[in-house]
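# Structure of the sequence below:
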Amino acid sequence: MNYKFEFDRLEGDWIIQSTNYSLLNNKLFTYIDQINWKKIQNKNNIIKPILKQIIQEYSITNYSIYITKSKNRNQINNFYKIFLHNNTINKVYILKLDYLGNIINKAFFKENNSQSLSINYKNGPFYITEITYLINYNLKIVKSLIKKNQKCIGISFSSEIKINS
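Got it, this is the predicted structure:
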């Protein structure tokens, strides 16, 4: 998979419908959100220090940067995901930032095959595995497993549909 080509094709507005099931209390939660995928052309002085915290061994100019931002959440709960793609080493880092620019968590993903990607990361005591299936350039499906102490405590399934370019 050519990541840069794939990321460029993801730009635009997406509707996300997610269903989350907690195995701890047997509760089901659903929500709908809208996010915007956007490529950042100018790496300004605000984003450079954040990126340097993550990628110290490579020049920042080697990365293509994409950002997603929720459109439906209020600013207090809003967060950003920044995707950093390095063509040279074919690696993608993912940073999740709160609305003030503080790093909530960081991860990187690997290609499983030409149609799916997996992301593993830790968020506090939780270990999360997300597998994204790229059905086509207008449809993604994501399944997530949430574990604590090596025990699965939650499952999530999301469908993401691109509504414009």
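# Which stretches in the chain count as helices?
3-9, 47-54 (DSSP state H).
# buried sites along stretch 97-107?
When burial is assessed from 16 or more other C-beta atoms under 10 Å, stretch 97-107 yields the following buried residues: 97, 106, 107. C-beta here means a position set from N, CA and C on the backbone, and glycine is covered the same way.
# In contact with the second one, which residues?
So that's residue 106. Counting by C-beta atoms under 8 Å, 6 or more residues apart in numbering, residue 106 makes contact with 54, 93, 94, 95, 96, 121.
# what's the closest of those residues to residue 33?
Comparing these against residue 33 with C-beta to C-beta places residue 96 closest, at 14.5 Å.
# ok, back up a step: kindly reformat the buried residues of stretch 97-107 as a markdown table containing pLDDT and distance to residue 117.
Written out in a markdown table, the entries for the buried residues of stretch 97-107 read as follows (pLDDT from 0 to 100; distance: C-beta to C-beta, whole Å):
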| residue | pLDDT | distance to residue 117 |
| --- | --- | --- |
| 97 | 74 | 20 |
| 106 | 78 | 16 |
| 107 | 80 | 11 |
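# Which one (most neighbours) among the contacts of residue 106?
Within those, neighbour counts (other C-beta atoms under 10 Å) peak at residue 95, which reaches 23 neighbours.
# Can you tell me who that one pairs with across the strands?
Taking DSSP bridges, one obtains residue 82, residue 106 as the residues bridged to residue 95.
# wait, doesn't it sit right on residue 81?
Yes - under the criterion of C-beta atoms under 8 Å, residue 95 makes contact with residue 81 at 7.0 Å.
# how many other residues sit next to residue 29?
Neighbour tally, residue 29, other C-beta under 10 Å: 11.
# how long is stretch 118-136 end to end?
Using C-alpha to C-alpha, to the nearest Å, the end-to-end distance of stretch 118-136 comes out at 17 Å.
# change the start of the numbering to 640 and stick with it
That works, and once the first residue is 640, the last one we named lands at stretch 757-775.
# Name the residues that touch it?
By C-beta under 8 Å, 6+ apart, the list of residues contacting stretch 757-775 reads 645, 733, 743-749, 751, 754-756, 779-788, 792.
# make it 6 Å
Contact partners of stretch 757-775, identified using C-beta atoms under 6 Å, 6 or more residues apart in numbering, comprise 744, 746, 748, 751, 754-756, 779-787.
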